[in-house]
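Enquirer: Show me the folded form of this:
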Amino acid sequence: MTLRFSVLASGSTGNAFYIESGEERILVDAGLSGKKMEGLLDQVGIDPQTLSRILVTHEHSDHIKGLGIMARRYQLPIYANEKTWNAMEDKIGKISLDQKFHFSMEETMTFGGLDVESFAVSHDAADPMFYTFHQDGRKVALVTDLGYVSERIKKTVEGADAYIFESNHDVSMLRMGRYPWNVKRRILGDSGHVSNEDCALALTDLITDQTKRVYLAHLSLDNNMKDLAHMSVKNVLQERGFEIGTRVELHDTDPQEATPIFEV
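Expert: Sure, this is the predicted structure:
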């Protein structure tokens with residue numbers, strides 16, 4: 001079986017990720033309206049009727065805005081940990097009991113031959129967690145919404161074939177920008193978001209000969225730019241001896257446009 005995925009949307013305004021293996025078609029988060037979610041899936045030729053389930057990372061609106069709508073419209077089971085369920089239930093509308101499932105922190109669940117491993121991240125949400133996807137020796141790691149990349153996270157996600165990795169802000173743009181200081185402090189803190197430079201430094205510890213692609217994700221609308229993030233990460237990686245563009249490809253993501261389906 002092949003492992004295929006698309007970053008449907010990524011950024012401070014909305015996030016969603018799609019991954020499939022055989023008949024198993026998983027949506028991770030649904031942070032845009034139901035109509036926009038359907039449009040993003042259509043961009044990559046996926047009929048929402050064929051989705052198997054939705055996994056949730058945390059309860060922030062840019063990850064769950066369309067969750068309730070998509071689950072009800074397509075009768076999809078939702079998986080989240082207990083604290084996330086408690087934090088988001090009043091935000092997503094009524095969900096029937098037979099659509100509610102628990103996916104605990106640091107647990108591996110198997111769906112149709114696809115192993116999905118959850119891991120904790122440091123972020124200002126109830127109990128945020130992200131996922132790695134494993135099948136037949138192949139691995140895709142989804143790593144955003146975290147203030148720093150701990151050694152434990154590195155051990156969990158190292159050596160993936162593909163990374164969807166947070167490159168949220170340029171520190172200088174953030175410090176000089178219009179945000180009030182308390183918001184800047186939150187973003188820069190251990191429960192905030194990873195900067196371009198910290199993204200690159202973490203990737204130098206994670207990329208192996210198996211790694212084919214890195215997608216720079218969750219870029220801030222106000223405190224980053226695609227070209228800046230791309231250049232910042234590329235420069236650091238090249239300084240550390242990584243051949244970007246040949247051995248490892250660096251890709252951008254977008255809050256409104258899905259990346260083409262990539263087969264690992």
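Enquirer: Quick one, grab the pLDDT at the most centrally placed residue in the chain.
Expert: A centroid search over the chain (CA atoms, centre = their mean) returns Leu142, at 4.5 Å, as the residue closest to the centre. Leu142 is assigned 98 on the pLDDT scale.
Enquirer: which residues touch Met225?
Expert: By CB atoms under 8 Å, 6 or more residues apart in numbering, the contact set of Met225 is 170, 219. Placement of C-beta: from N, CA and C, glycine included.
Enquirer: Could you check how many residues crowd around Glu107?
Expert: Neighbour count of Glu107, defined by other CB atoms under 10 Å: 13.
Enquirer: ok, it - contacts?
Expert: Applying CB under 8 Å, 6+ apart to Glu107 gives the contacts 117-118.
Enquirer: neighbouring strands for the helix or strand encompassing the residue nearest to the centre of the chain, and are they parallel or not?
Expert: Assessed by DSSP states H and E, Leu142 sits inside strand 138-143. Neighbouring strands of strand 138-143 in its sheet, by DSSP bridges, are strand 129-135 (antiparallel), strand 162-166 (parallel).
Enquirer: Tell me which other helices or strands the helix or strand just after that strand touches.
Expert: Next helix or strand after strand 138-143 toward the C-terminus (DSSP H and E): helix 151-157. Helix 151-157 sits against strand 114-120, strand 138-143, helix 196-206, with contacts defined as 3 or more CB pairs under 8 Å, 6 or more residues apart in numbering; DSSP states H and E.
Enquirer: List just the one of these that sits closest to Ile261.
Expert: Between Ile261 and the helices and strands packed on helix 151-157, the shortest gap by CB to CB is with strand 138-143, which sits at 12.4 Å.
Enquirer: Please save the CA atoms from that closest one in CSV.
Expert: C-alpha atoms of strand 138-143 as CSV (Å, rounded to 0.1, in the frame of the first residue of the first chain):
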residue,chain,number,x,y,z
ARG,A,138,7.8,4.8,5.9
LYS,A,139,7.1,7.7,8.2
VAL,A,140,5.4,11.1,7.9
ALA,A,141,5.6,13.5,10.9
LEU,A,142,3.2,16.4,11.6
VAL,A,143,4.8,18.8,14.0
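Enquirer: just to revisit the earlier point, so which of the helices and strands packed on helix 151-157 is nearest Gly66?
Expert: When the helices and strands packed on helix 151-157 are compared by CB to CB, strand 138-143 sits nearest Gly66, at 17.9 Å.
Enquirer: most tightly surrounded among the strands paired with strand 138-143?
Expert: By mean neighbour count, with neighbours taken as mean count of other CB atoms under 10 Å, strand 162-166 ranks first of those at a mean of 27.
Enquirer: Longest helix in this protein, please.
Expert: Longest helix in the chain, counting residues (DSSP state H): helix 226-239.
Enquirer: which residues are contacting that one?
Expert: Contacts for helix 226-239 (CB under 8 Å, 6+ apart): 167, 170, 173, 196-197, 199-201, 203-204, 207, 214, 216, 219, 244, 248, 250, 252, 254.
Enquirer: For the helix or strand just after it, name the packing helices and strands.
Expert: The element immediately downstream of helix 226-239 (helix or strand, assigned by DSSP H and E) is strand 249-252. In terms of contacts (3+ CB pairs under 8 Å, 6+ apart), strand 249-252 is packed against strand 213-217, helix 226-239.
Enquirer: For strand 249-252, buried residues please.
Expert: 250-252 (16 or more other CB atoms under 10 Å).
Enquirer: show me what contacts Arg213?
Expert: Applying CB under 8 Å, 6+ apart, we find Arg213 in contact with 161-163, 248-251, 262.
Enquirer: What is the nearest of those residues to His63?
Expert: Nearest to His63 among the contacts of Arg213: Tyr163, at 18.4 Å, using CB to CB.
Enquirer: Need the buried residues of strand 249-252 in TSV (columns: distance to Lys226).
Expert: Shown next, in TSV, are the buried residues of strand 249-252 (distance: CB to CB, whole Å):
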residue	distance to Lys226
Leu250	11
His251	10
Asp252	5
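Enquirer: Buried residues, the longest helix of the chain. List them.
Expert: Buried residues in helix 226-239 (16+ other CB under 10 Å): 228-230, 232-234, 236-237.
Enquirer: Since that was my last question, I'll sign off now.
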